[in-house]
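*Asks:* Here is my input; please provide its structure:
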Amino acid sequence: MRYWKFLILTLAFASQTPALAGGIAVKLYRNPSCSCCDAYAQYLRNNGFDVEIIDTTNATSIHQKYAIPEQLEGCHTATIGGYVFEGLVPAEYIKRVIDEHRPVKGLSVPGMPLGAPGMPGAKQGPINVYYLDATSAPRIFATF
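*Replies:* Model (predicted):
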């Protein structure tokens, strides 16, 4: 009987972990007509982020403000703890950069690849996550 009580309490606590891990503030700049941005915002919320959506129809000005190279542009831009995350970056990589205090500007998943967080459909192959930095050639941070 004790085992079942322990199991139930453990499951109850574990199901609350994303809510308890909340408080990671995100500003998500997105086009108000983009449904994948809404799905991505919900994905971030489900992974313990507190998302503030900022609608803009001028993504170019946001990309310029945060110096996003054209080849690394995604459909939205998120700022979190002094970092910039462009496009559909998986939460695990965002958390890794923040938790490890990585000396980088941020990360990017360019374009709108199918199967990335917030995008419907099956992945067509591996998806690269790139560093956002000043080098001329994009460098891969991770692949999923």
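*Asks:* ranges for the helices of this structure?
*Replies:* Assigned by DSSP state H, the chain shows helices spanning 2-20, 35-46, 59-65, 91-99.
*Asks:* Out of these, name the one with the poorest average pLDDT.
*Replies:* When the helices of the chain are compared by mean pLDDT, helix 2-20 comes last with a mean of 43.
*Asks:* which ones are touching Thr135?
*Replies:* Counting by CB atoms under 8 Å, 6 or more residues apart in numbering, Thr135 makes contact with nothing. Yep, even glycine has a C-beta here, placed from its N, CA and C like the rest.
*Asks:* pLDDT wise, what is it at?
*Replies:* For Thr135, the predicted pLDDT is 71.
*Asks:* Equivalent analysis for Ala21, please.
*Replies:* 48.
*Asks:* ok, the nearest residue to Lys105 once chain neighbours are set aside - how many residues close by?
*Replies:* Counting by CB to CB, 6 or more residues apart in numbering, Leu132 is the residue found nearest to Lys105 once chain neighbours are left out, at 4.5 Å. Other residues within reach of Leu132, judged by other CB atoms under 10 Å, total 22.
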